Structure formats: C-alpha cells, structure tokens
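Participant: Curious how this folds, go ahead:
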Amino acid sequence: GDFTAYTGTETSTYKTLSAGSTELTGWRLAGAVRRILSGESAWGSPSSVSGSYFTCLHHTAGGSISTTLTGLNTGETYTLSWSERDRVNYQSRDLTVKIGGCTGTDISPAHTVPDAWEQQVVTFVATGSSTELCFITYGGTADGSVFLDAISVKVFNPISCSAVPNTESSYTYLFDGCCR
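Facilitator: Residues are numbered from 1 along each chain as shown. Just a heads-up that it's a prediction; the model follows:
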C-alpha cells in the first residue's frame, strides 16, 4: 500500500481520518491516523516511498491501521515488507506489527521507528486462508508520529544455497541461514 487509494474528499495536503473511517481504501483505522501528501511541510517535508501519499499514526494517543489479508495458503510462509520513519524533532515512537488482529501475534515486536525511511522485512506462516494484519503504536507522553508507506505481502521465496558462488573470497549471508 502506498495509501493513494482514497474515498474521501481531498481538502488539504493532509487529512485527519476518524476511527472507523473507510476513507483509506482497504484499511480499518483506530486512534489518531493521518493521510499525508509527500513533501508536506507541516509534517517535516518527508517524501513518500511509494506513490503520492503515506499514512501516519499520530499524537500522544497513538493509533493503528489494519487490513484483512485473504487468499493465504495455510502453512505457507509470507514476506511482509514496509517502510517506516518517525516525525523528526518530535518524540520517537515504538511500532508493533501483528497478525490475527491488533491484539494478535507479534510478527515484528515493538521497536523504535528511525528518523529516516527504513524498509523492514519479516516473515510469517499463514494459519488459515485469511488473517488481519495490524500496525499499531501506543503513543507517548508528548506529540510524535509513525509514518508508514510501501506495505507489501508476498509469498516467501528463499534463495537457494546452491545459487551462491562458493569462493574463498566471498562471504554471503542469506536469510535462509546459508553461508559460503
């Protein structure tokens, strides 16, 4: 998701979205959520990673966005990737990513979001044909934000160890645990 698909009325370069709103196509919202145009100066002028907009879990109360992933194969491994950053010069925030809903299982435990866009990648095993994916921040004692963009879920395709050249001068570490 690049957060371009939107059913609301464009009224400014950022929009406060209400909990329960369906304006952010395909996502359910809770807490303080914003949709922000790439380069918006009121938010520190960050460029989006993908598309023209990114989303923001904002304020002291925090917030969450969640969506239902369908068409999963039970027992198959999937790769989830997303880009994250915080709002520079504001209180840092922790982000947790869960499957099975916002009270479900952590697939990316709480971690402090960086000051510049950083891609995160995790894997999870489907336990059914669908699951709810949730990005959640619990807020803080002062104003702060988690910016999210470029969310993607794909079937996990590990790199084969046999595809890595076996030379004495190269050391390649792969996600599947191979090292040559």
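
Participant: all helices in the chain, in order from the N-terminus.
Facilitator: Using DSSP state H, no helices are found in the chain.

Participant: Where does pLDDT dip in it?
Facilitator: 1-11, 160-180 (pLDDT under 70).

Participant: Mind telling me which residue is nearest the centre of it?
Facilitator: Centroid check for the chain by C-alpha atoms, centre = their mean gives Trp82 as the closest residue, at 4.2 Å.

Participant: give me every residue that touches that residue.
Facilitator: 97, 119-120, 135, 148-152 (C-beta atoms under 8 Å, 6 or more residues apart in numbering). Bear in mind the C-beta positions are built from the backbone N, C-alpha and C, glycine included.

Participant: Look up the closest residue to Ser21, ignoring the ones flanking it.
Facilitator: Sequence neighbours aside, Leu29 is the residue nearest to Ser21 in space, at 5.3 Å (criterion: C-beta to C-beta, 6 or more residues apart in numbering).

Participant: Show the contacting residues for the one you found.
Facilitator: By C-beta under 8 Å, 6+ apart, the contact list for Leu29 reads 17-21, 63-65.

Participant: could those residues go into JSON lines alongside neighbour count and distance to Leu37?
Facilitator: Listed next are the contacts of Leu29 as JSON lines, based on neighbours: other C-beta atoms under 10 Å; distance: C-beta to C-beta, whole Å:
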{"residue": "Leu17", "neighbour count": "23", "distance to Leu37": "14"}
{"residue": "Ser18", "neighbour count": "12", "distance to Leu37": "19"}
{"residue": "Ala19", "neighbour count": "12", "distance to Leu37": "22"}
{"residue": "Gly20", "neighbour count": "8", "distance to Leu37": "23"}
{"residue": "Ser21", "neighbour count": "17", "distance to Leu37": "18"}
{"residue": "Gly63", "neighbour count": "24", "distance to Leu37": "19"}
{"residue": "Ser64", "neighbour count": "23", "distance to Leu37": "22"}
{"residue": "Ile65", "neighbour count": "25", "distance to Leu37": "17"}
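
Participant: And those, which is closest to Ser45?
Facilitator: Nearest to Ser45 among the contacts of Leu29, counting by C-beta to C-beta, is Leu17 at 20.9 Å.

Participant: Next, work out how far apart the nearest residue to that closest one once chain neighbours are set aside and Ser92 are.
Facilitator: Once flanking residues are discounted, Leu17 sits nearest to Val33: 4.6 Å by C-beta to C-beta, 6+ apart. Relative to Ser92, Val33 is positioned 18 Å away (C-beta to C-beta, to the nearest Å).
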